[in-house]
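Visitor: Sharing a model that was predicted from the sequence below.
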Amino acid sequence: MLPNMANADDKPPFEKKNGPKLQDGKKDERDELTPPPHAVGPEKSVLSSMLQDPEEYIGRAIEGQLTPAHFYVPSHGKLFHVLVEHFETGKTVELVALTQYLMDRDLLDTIGGPSAVGEIYTYAPTAAHFGSHLAIVKEKYILRNIIKSCTESITTAYDDPEDVQEFLDSVEQKVLEIREASETTVEMDVKTAVAEVMVYLQEFLAGDRGITGMTTGYSELDKMINGLKAPDMFVIAARPSMGKTSFMMNVVEHIAVTSAKPAMVFSCEMSTVQIVQRLVFSRARFEFQKLTKGYQPNKGDLERIKQASAEVSASKLFIDDTAGISINDLRAKARRKHRDEGISCIAVDYLQLMRSTSKQASNSREREIAEISGGLKALAKELNVPVIVLAQLNRGPESRTGSSLGVPRMSDLRESGSIEQDADMVGLLYRKVYYVDNQEERDEDDGEAELVLAKNRNGPTGNVPLTFIPALMRFETRAFTAEPS
């Protein structure tokens, strides 16, 4: 056998671990040339199985999302790259031909020479442990990535970054990226997929299914948007006093209380107690204002309030009422709650009351709104949940005349066109009575309202007829009536 021609690349890379100094100024005892986590044996075992049975184990390694970067020893990563390249191009993986291929391209020395290739080939007497050894290699890679990420974060922290909140968000994001990269996607076979399609068809024909996303409690809206789906961002915009907070909380109530799915609300305007108060009395269909006028609830009222209180209390509804919350703080809190509670929906009240702490945002309000809007859409994709966002409209509706007076348009979204761009759906809440000057007409108002679905990326647009009950702060579905010809 030829002599081993391994070069310096074959030696495992050692990293100097610059640990934190102790209070007396002395360094940690581990502040030496310490190798990061690695497993040379399992690396050789994985490569050995791939060489002995290429058709089986190179394919399994690819399915397991193994890459050259997973190998601690550089020469192992290079050999893995060559094996995968041969496999994907249909070349035969055989020891003699592989060695000649490496020699012809001056790659053999970087692998460690013929003896190193032969040693790896015979290293694993059986491939029975391929799966467990592959898992060890990936686990050590994750640990090295964590060390690298933490070391970079420590260095940046010592440099005293100007925007600490943005830095904190980036640290958290790096850790989440390591977790996501370590998760292997499971491929669904066609037979299983066809079976699911047939189940869906049967449920649809039986009338048991039709909406694929989470229902909102408003049947016409659900038909148009096919329910709230991940990772959609649904922007609900209106002028002040139109009831957009009430509408959002009605949807959240249906998701968290009626459908018993975990949901989180970020309220920049109202306190948690105010939101829960609205929620309980609205669900109990009791006019809270009556209490301020000396009204004594009867037995039926008290029973409904008690029942509503129990239902809301039992729900997994989480409320954060931080005023002027930054987009970085919101994303960090949402990530933790999603990790701990598995929240299925996020609602934000409202976009223009949030802030961004980046340097660019401090110079331009439009830029700040764009960063917030983009951050919320990115959060929906990252957590794979629908995000409902309230937004304020400018004075455009008031400037219109005739039958168009008060009718909102997407162009009325305040301060940035990026909201319209980022949103998958835009609903414009409108109540005609708001623009009526005649007091008698106001008093006779039957609560007629509409949600103008002005944008729907994956479905039709149109008007959703609603009825608003001010005393209960509640929107309900209204029967659609065609306009007279």
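Guide: Thanks, I have the structure now.
Visitor: alpha carbons only for contacts and neighbour counts from here, please
Guide: Will do.
Visitor: Ala237 belongs to a strand, doesn't it?
Guide: Yes. Under DSSP: H, G, I helix; E, B strand; the rest coil, Ala237 falls within a strand.
Visitor: State the pLDDT value of it.
Guide: The predicted local distance difference test score for Ala237 is 88.
Visitor: my guess is it contacts Leu390, does it?
Guide: Yes. At 5.7 Å, Ala237 and Leu390 qualify as touching, with contact defined as CA atoms under 8 Å.
Visitor: so what sits against both of those two?
Guide: Each of Lys244 lies in contact with both Ala237 and Leu390 under the rule CA atoms under 8 Å, 6 or more residues apart in numbering.
Visitor: got a list of what the residue lying closest to Pro460 once chain neighbours are set aside touches?
Guide: By the measure of CA to CA, 6 or more residues apart in numbering, the closest residue to Pro460 outside its immediate chain neighbours is Met224, 6.0 Å from it. Contacts were defined as CA under 8 Å, 6+ apart; by that measure Met224 touches 459-461.
Visitor: what helix or strand is His86 on?
Guide: For His86, the element it lies in under DSSP states H and E is helix 74-89.
Visitor: Name the next helix or strand following that helix along the chain.
Guide: Proceeding N to C from helix 74-89, the next assigned helix or strand is helix 95-104, under DSSP H and E.
Visitor: Give the next helix or strand downstream of that following helix.
Guide: Along the chain past helix 95-104, the next helix or strand (assigned with DSSP H and E) turns out to be helix 108-111.
Visitor: Summarise which helices and strands that following helix is packed against.
Guide: In this structure, helix 108-111 packs against helix 74-89, helix 95-104, with contacts taken as 3 or more CA pairs under 8 Å, 6 or more residues apart in numbering; DSSP states H and E.
Visitor: sorry, back to before: ok, now how distant is the residue nearest to Pro460 from Asn458?
Guide: The spacing between Met224 and Asn458, counted by CA to CA, to the nearest Å, is 9 Å.
Visitor: rewinding a little: quick one: what helix or strand has the residue nearest to Pro460 in it?
Guide: Applying DSSP H and E as the criterion places Met224 in helix 219-225.
Visitor: Val426 - how many residues pack around it?
Guide: Val426 sits with 29 neighbouring residues when counted by other CA atoms under 10 Å.
Visitor: rewinding a little: deepest in the core, which of the helices and strands packed on helix 108-111 is it.
Guide: Scoring those by mean neighbour count under mean count of other CA atoms under 10 Å gives helix 74-89 as the most buried, with a mean of 18.
Visitor: now it against helix 95-104, angle please.
Guide: The directions of helix 74-89 and helix 95-104 differ by 110 degrees, with axes from the mean of the first three to the mean of the last three CA atoms, to 10 degrees as the criterion.
Visitor: how far is helix 74-89 from where the chain is centred?
Guide: A distance of 34 Å separates the centroid of the chain from that of helix 74-89, by CA atoms, centre = their mean, to the nearest Å.
Visitor: any idea of the mean pLDDT in stretch 366-373?
Guide: The average pLDDT for stretch 366-373 rounds to 84.
Visitor: from now on call the first residue 58
Guide: Okay, using 58 as the starting number, the last item reads as stretch 423-430.
Visitor: What are the contacting residues of that stretch?
Guide: Under CA under 8 Å, 6+ apart, the answer for stretch 423-430 is 384, 408-409, 411-413, 417-419, 472-476, 479.
Visitor: and which of the residues you listed is nearest Phe525?
Guide: Leu408 (23.1 Å; CA to CA).
Visitor: residues near the closest one, how many?
Guide: What Leu408 shows, counting by other CA under 10 Å, is a neighbour count of 23.
Visitor: can you give me phi and psi for the residue lying closest to it once chain neighbours are set aside?
Guide: Counting by CA to CA, 6+ apart, Leu408 lies nearest to Ala448, which is 5.3 Å off, once chain neighbours are set aside. Per-residue torsions, Ala448: phi -140, psi 150 (degrees, to the nearest 10).
Visitor: now swap in the one 10 residues further on and tell me
Guide: Its backbone dihedrals place Thr458 at phi -130, psi 170, with angles given as degrees, to the nearest 10.
Visitor: next one: Ala427
Guide: Ala427 adopts backbone torsions of phi -60, psi -40, taken as degrees, to the nearest 10.
Visitor: Check the contacts of stretch 423-430 and tell me the two furthest apart.
Guide: Of all pairs drawn from these, the greatest distance, 21.0 Å, lies between Ser419 and Asp479 (CA to CA).
Visitor: thinking again about what came up before, so what's the residue nearest to Pro517 scoring on pLDDT?
Guide: According to the predicted model, the pLDDT of Met281 comes to 88.
Visitor: again with the one 3 residues further on
Guide: Note for Gly284: predicted pLDDT of 87.
Visitor: burial measure for the residue nearest to it when sequence neighbours are not counted, as a count.
Guide: On the basis of CA to CA, 6+ apart, the spatially nearest residue to Gly284 that is not a chain neighbour turns out to be Gly270, at 4.1 Å. One way to gauge burial is a neighbour count; for Gly270, by other CA under 10 Å, it gives 14.
Visitor: Contact partners for Gly270?
Guide: Residues near Gly270 by CA under 8 Å, 6+ apart: 283-286.
Visitor: Also Pro465?
Guide: 295, 453-454, 485-487.
Visitor: what's the closest of the contacts of Gly270 to Leu155?
Guide: Nearest to Leu155, judged by CA to CA, of these is Lys286 at 49.9 Å.
Visitor: how much space between that closest one and Val490?
Guide: The spacing between Lys286 and Val490, counted by CA to CA, is 32 Å.
Visitor: what does Arg335 give?
Guide: Distance, Arg335 to Val490, using CA to CA: 23 Å.
Visitor: Kindly report the same for Ser276.
Guide: Here the criterion is CA to CA. By it, Ser276 lies 24 Å from Val490.
Visitor: Just want to know which of those two has more residues nearby.
Guide: Residue environment comparison for Ser276 versus Val490 gives the larger neighbour count to Val490, 20 against 16, counting by other CA under 10 Å.
Visitor: Read off the pLDDT value for that one.
Guide: At Val490, the predicted lDDT confidence score is 77.
Visitor: do the same with the one 5 residues further on
Guide: The predicted local distance difference test score for Asn495 is 63.
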